[in-house]
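[1] sequence unknown, structure follows:
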Ligand code: AMP
Ligand code: MG
């Protein structure tokens with residue numbers, strides 16, 4: 001086999017679903033990237049440079065769009081399967097960028113994108129999953145959450161807004177909820193966009209420097225940043241408690257945007273290929289219709 005051939009074969013064999021998955025029951029250390037563990041926010045298995053990454057993401061775009069169309073088409077005739085991409089990560093980790101560059105590869109008509117902010121007074125009157133349940137993708141759709149129900153085991157834990165027992169209860173409730181989604185044929189793809197504190201500082205500074213980015217900045221981002229270790233710990237616990245066989249977590253090295261986009265696109269591709277949705281057979285008489293059309 002030629003060198004190029006070997007490279008292509010290696011790329012085809014790479015199963016990101018296995019490589020980036022947080023193994024069930026694994027206690028992870030997000031801060032250990034200095035010692036070059038698997039959880040390095042800078043890099044992961046895949047294309048080695050930006051130009052190769054961008055090229056491969058564009059190439060995947062065509063395949064992703066085709067699979068989405070098949071999922072949508074199958075949904076018109078009773079196939080209830082759908083996909084939900086859950087994006088979590090610290091400020092500037094690239095949740096919005098992933099929606100723009102990866103979910104943007106799909107046809108917007110088949111997508112349902114939802115961002116979750118600080119709960120409104122109305123949302124606060126209900127259980128934390130109330131606002132989430134309303135946004136679950138319908139059959140045939142691809143949904144994307146920019147933040148999610150996981151905020152409710154992160155912010156309140158770090159800021160001690162609710163009792164610990166309540167947070168404990170929520171992990172179990174999330175697992176039951178996601179099991180229900182799996183039973184309803186929702187493929188949940190949960191991506192934690194892992195960035196380093198240095199990278200976050202650079203991105204926050206850029207937001208201040210550039211007039212076209214300032215609207216994204218909030219002084220409270222600095223308060224959250226000051227709580228970085230507590231947030232990392234809260235993420236470690238959430239990834240540990242809620243990486244289940246029916247809805248595993250994937251850890252996405254997100255310091256480099258092109259790699260992050262490539263990895264999330266690739267994960268979605270692997271999931272959609274496994275679903276292998278089929279265009280439905282027509283429920284009308286093809287020959288009869290052709291004849292009628294030709295006759296008029
Ligand atoms: P952003 O996504 O940066 O525009 O900001 C949204 C803000 O809403 C973030 O600071 C989140 O932490 C916060 N947020 C989202 N959901 C919740 C929640 N359930 N409880 C508390 N804060 C939340
Ligand atoms: Mg923010």
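    Structure received. Because the structure is a prediction, the values reported are computed rather than measured. Ligands and ions are numbered 1, 2, ... in the order given.

[2] residues from the stretch 101-250 of the chain in reach of ligand 1?
    Within reach of ligand 1 by Cβ under 6 Å from any ligand atom, the stretch 101-250 of the chain has these residues: 116, 117, 118, 119, 147, 151, 152, 155. All C-beta atoms are positioned from the backbone trio N, CA, C, and that covers glycine.

[3] in JSON lines: the residues you listed, plus distance to residue 134, secondary structure and pLDDT.
    Shown next, in JSON lines, are these (distance: Cβ to Cβ, whole Å; DSSP: H, G, I helix; E, B strand; the rest coil; pLDDT from 0 to 100):
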{"residue": "116", "distance to residue 134": "11", "secondary structure": "coil", "pLDDT": "98"}
{"residue": "117", "distance to residue 134": "15", "secondary structure": "coil", "pLDDT": "97"}
{"residue": "118", "distance to residue 134": "17", "secondary structure": "coil", "pLDDT": "96"}
{"residue": "119", "distance to residue 134": "13", "secondary structure": "coil", "pLDDT": "97"}
{"residue": "147", "distance to residue 134": "15", "secondary structure": "coil", "pLDDT": "98"}
{"residue": "151", "distance to residue 134": "16", "secondary structure": "helix", "pLDDT": "98"}
{"residue": "152", "distance to residue 134": "15", "secondary structure": "helix", "pLDDT": "98"}
{"residue": "155", "distance to residue 134": "20", "secondary structure": "helix", "pLDDT": "97"}
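
[4] tell me which two of those residues sit farthest apart.
    Largest separation among these by Cβ to Cβ: 117 and 152, giving 12.6 Å.

[5] who has more neighbours out of these two?
    residue 152 (24 against 9; other Cβ atoms under 10 Å).

[6] if I look at the more buried one, how far off is residue 101?
    Noted for residue 152: a distance of 27 Å to residue 101, by Cβ to Cβ, to the nearest Å.

[7] and what of residue 159?
    Using Cβ to Cβ, one obtains 31 Å as the distance from residue 159 to residue 101.

[8] show me which of those two is the more surrounded one.
    Using other Cβ under 10 Å as the criterion, residue 159 and residue 101 rank with residue 101 on top: 20 against 13.

[9] residue contacts, that one?
    Residues near residue 101 by Cβ atoms under 8 Å, 6 or more residues apart in numbering: 57, 257, 261.

[10] go again using 6 Å as the cut-off
    residue 261 (Cβ atoms under 6 Å, 6 or more residues apart in numbering).

[11] with residue 46 instead?
    Residue 46 touches residue 262, counting by Cβ under 6 Å, 6+ apart.

[12] okay, now residue 60: neighbour count?
    Using other Cβ under 10 Å, residue 60 is surrounded by 18 other residues.

[13] after whatever helix or strand it lives in, which helix or strand is next?
    Assessed by DSSP states H and E, residue 60 sits inside helix 50-75. Counting by DSSP H and E, the element after helix 50-75 in chain order, helix or strand, is strand 82-89.

[14] for that following strand, which strands pair with it and how are they oriented?
    Strand 82-89 sits in its sheet next to strand 142-146 (parallel), strand 186-194 (parallel), going by DSSP bridges.

[15] list of residues touching that strand?
    By Cβ under 6 Å, 6+ apart, strand 82-89 touches 95, 98, 137, 139, 141-146, 148, 150, 186-193.

[16] in space, what's closest to residue 208 - neighbours in sequence excluded?
    residue 217 (6.1 Å; Cβ to Cβ, 6 or more residues apart in numbering).
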